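In: just the structure for this:
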Amino acid sequence: MHMTTRAIETTATIDDDRHLRLDEPLPADHPRRVRIIVLWPEDADVNETEWLRAAARNPAFDFLRDKREDVYSVNDGQPFGDPR
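Out: Reported below is the predicted structural model:
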């Protein structure tokens, strides 16, 4: 038997008793069992600067240092003018 599922995203807090307390009510029309996936940030968040530094040092991107990859100059293309 195939069960169709619906996904929503909301936020919650894990309290001192390790119970999940939702910030908003769920849009369910009657009581039922649900499956949940809980995502939380790692203890050591990496900021954008650290990500960029790691990417710059990653050998997977070494090919970008090759002068043959510099195929465009400041004179190429057309200026972009946002009409807003």
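
In: quick check: Asp15 vs Leu22, distance?
Out: 11 Å (CB to CB, to the nearest Å). To be clear about C-beta, it is placed using only N, CA and C from the backbone, and glycine gets the same treatment.

In: now swap in Trp51 and tell me
Out: Trp51 sits 31 Å away from Leu22, taking CB to CB as the criterion.

In: ditto for Pro31
Out: If you measure Pro31 against Leu22 using CB to CB, the figure is 14 Å.

In: the more surrounded of these two?
Out: Neighbours of Pro31 and Leu22, each counted by other CB atoms under 10 Å, are more numerous for Leu22; the result is 10 against 5.

In: that one contacts Glu9, doesn't it?
Out: No: look at Leu22 against Glu9 with CB atoms under 8 Å: they stay out of range, at 11.5 Å.

In: for the chain, what are the low-confidence residue spans?
Out: Along the chain, the model assigns pLDDT under 70 to residues 1, 43-46.

In: all strands for it, in order.
Out: Counting by DSSP state E, residue ranges of the strands within the chain are 12-14, 20-22.

In: cool, thanks, signing off.
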